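S.K.: What follows is a predicted structure for the sequence shown.
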Amino acid sequence: MKNEWPLWEVFIRGQHGMSHRHVGSLHAPDAEMAIKNARDVYTRRNEGVSIWVVEARHIAASSPSDKGPLYEPSESKVYRHPTFFDIPEEVGAM
Amino acid sequence: MYAQMIKTAGTGVKSPEEMTEEERRFQARVDANEKIEPKDWMPEDYRKTLIRQIGQHAHSEIVGQLPEGNWITRAPTLERKAILLAKVQDEAGHGLYLYCAAETLGVSRDELTEQLLSGKMKYSSIFNYPTLTWADMGAVGWLVDGAAIMNQVPLQRTSFGPYSRAMIRICKEESFHQRQGYDIMMKMAQGTPAQKKMAQDALNRFWYPSLMMFGPSDKDSVHSAQSMAWKIKMNTNDELRQKFVDQTVPQAEYLGLTVPDEHLKWNEERGHYDFSEPDWSEFYDVLKGNGPCNTDRLNARREAWEEGQWVRDAMLAHARKKAAAKVAAE
Ligand SMILES: [Fe+2]
Ligand SMILES: [Fe+2]
């Protein structure tokens, strides 16, 4: 149990210029093997053209209990969305 | 199913009055189809039950490689061999997605493996049956993966985020599995009389064990009711079994094969097929370890684990040495 390989989080960038996206995790002894394993586990059907791996213990995450303080302030700021403004039709596309 | 007879922790569904404030909030989120994520608060029984269920599902994917791995070196053509190899490799991937999902609940991979090897955790009963002929590769893909799909498709909507995401990935890959199996069955059923006989024989042997995959009727079980309230079980075992039979019978007819059930009959009134129950005493016997291949399967897993020990240790030692050298150089 003491000798379990560390856990890595895997991020893959797909074909169409999108950013890397988290796809899952896996165990590997080091980064090099993590990339090799990620290739076998997460790209068997052309899912990606680039792989990032990061050891899970290096990821800092926000806490679920901070949901209110973190995200509620943006709820009242409706003017941040373009649909808040009525632009007359005559003006054309905007 | 791949997860059978999962013992739901707890004493059954609580009424809102019996719940604590936290439990009520949790149940409201589940009812609203919000996903529960690993760091969110969850009832201890929910966590425990999910570890059992996802763990057993993962073990089934891994042990499930063995009956098909049995035929990789003996596939009839190079193309069939490549296809079977890809299918079995997918199952390894399914096992890994699921182990990772279970690990987010606070159990380690090694603990899960050790519980499989000690017999404390189970895998699906279906993988304790032998694969005797090439036609069995067809029957396994068609029926066993077909039955798994029945259960996995609704589980994509399960309440636990990591489990749901694993199911979505798995479902994307499963229909290849079922189709390659059916393709083998078509080839055999349309082949020589001897080949057709092999196809029929494979159907005969895998029909009831496939029905057993869904587990015995649980329509009156308080434990299943709890799992369903938590949305970690989406349908009763009988519902899924009926759906499987309704879908599979016409596929057998297309092949010109006979489902080995003299009571199988379309019931106009119900809009479903009536069919015979499998022999549940056989099912319990297989779960207890007395199926035709239980010992072989567990021995194969133990051997892989024990004989791989030095490789795992060596790779870790190498990684640590390299990391230390890098620190020293900096
Ligand atoms: Fe699978
Ligand atoms: Fe499969």
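M.R.: Nice, I can see it. Ligands and ions are numbered 1, 2, ... in the order given.

S.K.: in what helix or strand does whichever residue of the stretch 151-300 of chain B sits closest to ligand 2 lie?
M.R.: Among all residues of the stretch 151-300 of chain B, residue B:177 sits closest to ligand 2, at 3.7 Å; criterion: CB to the ion. All C-beta spots, glycine's among them, are computed from the backbone N, C-alpha and C. Assigned by DSSP states H and E, residue B:177 belongs to helix B:161-189.

S.K.: Quick one: residues contacting the closest residue to the residue of the stretch 151-300 of chain B closest to ligand 2 other than its chain neighbours.
M.R.: Leaving aside its sequence neighbours, residue B:177 sits nearest to residue B:145 (CB to CB, 6 or more residues apart in numbering or on different chains; 4.1 Å). Each residue near residue B:145 by CB atoms under 8 Å, 6 or more residues apart in numbering or on different chains is listed here: B:174, B:177-178, B:181.

S.K.: Tell me the helices and strands packed up against the helix or strand containing residue B:297.
M.R.: Assignment of secondary structure by DSSP H and E places residue B:297 within helix B:294-307. Helices and strands touching helix B:294-307, by 3 or more CB pairs under 8 Å, 6 or more residues apart in numbering or on different chains; DSSP states H and E, are helix B:44-63, helix B:65-69, helix B:109-117.

S.K.: Buried residues, the second one. List them.
M.R.: It refers to helix B:65-69. Residues of helix B:65-69 classed as buried by neighbour count (16 or more other CB atoms under 10 Å in any protein chain shown): B:65-69.

S.K.: ok, and what's touching the helix or strand that the helix holding residue B:297 is followed by?
M.R.: Sequence order places helix B:309-329 as the next helix or strand after helix B:294-307, per DSSP H and E. Applying CB under 8 Å, 6+ apart, the contact partners of helix B:309-329 are A:3, A:5, A:29-30, A:33.

S.K.: ok so, going back, how far away is the residue nearest to residue B:177 from chain A?
M.R.: 17 Å (CB to the nearest CB, to the nearest Å).

S.K.: Which pLDDT value goes with that residue?
M.R.: Note for residue B:145: predicted pLDDT of 97.

S.K.: Show me how far the one helix or strand it maps to is from its chain's centre.
M.R.: Assigned by DSSP H and E, residue B:145 belongs to helix B:145-155. Offset of helix B:145-155 from its chain centre (CA atoms, centre = their mean, to the nearest Å): 8 Å.

S.K.: Show the buried residues in the contacts of residue B:145.
M.R.: In these, burial by neighbour count holds for B:174, B:177-178, B:181, counting by 16+ other CB under 10 Å.

S.K.: pLDDT for those residues - can I get that in TSV?
M.R.: TSV is the format used below for the buried ones among the contacts of residue B:145 (pLDDT from 0 to 100):
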residue	pLDDT
B:174	93
B:177	96
B:178	96
B:181	98
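
S.K.: Distance of residue A:10 relative to residue B:109?
M.R.: Noted for residue A:10: a distance of 15 Å to residue B:109, by CB to CB, to the nearest Å.

S.K.: from memory residue A:34 sits against residue A:28, does it?
M.R.: Yes: at 3.7 Å, residue A:34 counts as touching residue A:28 under the criterion of CB atoms under 8 Å.

S.K.: before we move on, back to that, from what I see, the residue of the stretch 151-300 of chain B closest to ligand 2 and residue B:86 are in contact.
M.R.: No: contact criterion CB under 8 Å: residue B:177 and residue B:86 do not qualify, at 9.6 Å.

S.K.: Next one: residue 77, what pLDDT does it get?
M.R.: Answering for chain A, as no chain was given. Confidence score, pLDDT, at residue A:77: 92.

S.K.: let's do chain B instead
M.R.: Among the per-residue scores, residue B:77 shows a pLDDT of 97.

S.K.: And for it, the neighbour number?
M.R.: 8 (other CB atoms under 10 Å in any protein chain shown).

S.K.: How about the helix holding residue B:145 and ligand 2, touching?
M.R.: Yes: judged by CB under 5 Å from the ion, helix B:145-155 comes into contact with ligand 2 at residue B:145.

S.K.: Count the residues that sit near the closest residue to ligand 2 within chain A.
M.R.: Proximity of chain A to ligand 2 (CB to the ion) peaks at residue A:44, 13.1 Å away. Residues within reach of residue A:44, counting by other CB under 10 Å, total 13.

S.K.: dump the residue contacts of it.
M.R.: B:86, B:89-90, B:93.

S.K.: so how far is residue A:62 from it?
M.R.: Residue A:44 is 32 Å from residue A:62, by CB to CB.

S.K.: how about residue B:135, what does it touch?
M.R.: Contacts of residue B:135 (CB under 8 Å, 6+ apart): B:184-185, B:188, B:195, B:198-199, B:201-202.

S.K.: list the buried ones in the host helix or strand of residue B:241?
M.R.: For residue B:241, the host element (DSSP H and E) is helix B:237-255. Using 16+ other CB under 10 Å as the test for burial, helix B:237-255 gives B:237, B:240-245, B:248-249, B:251-252, B:255.
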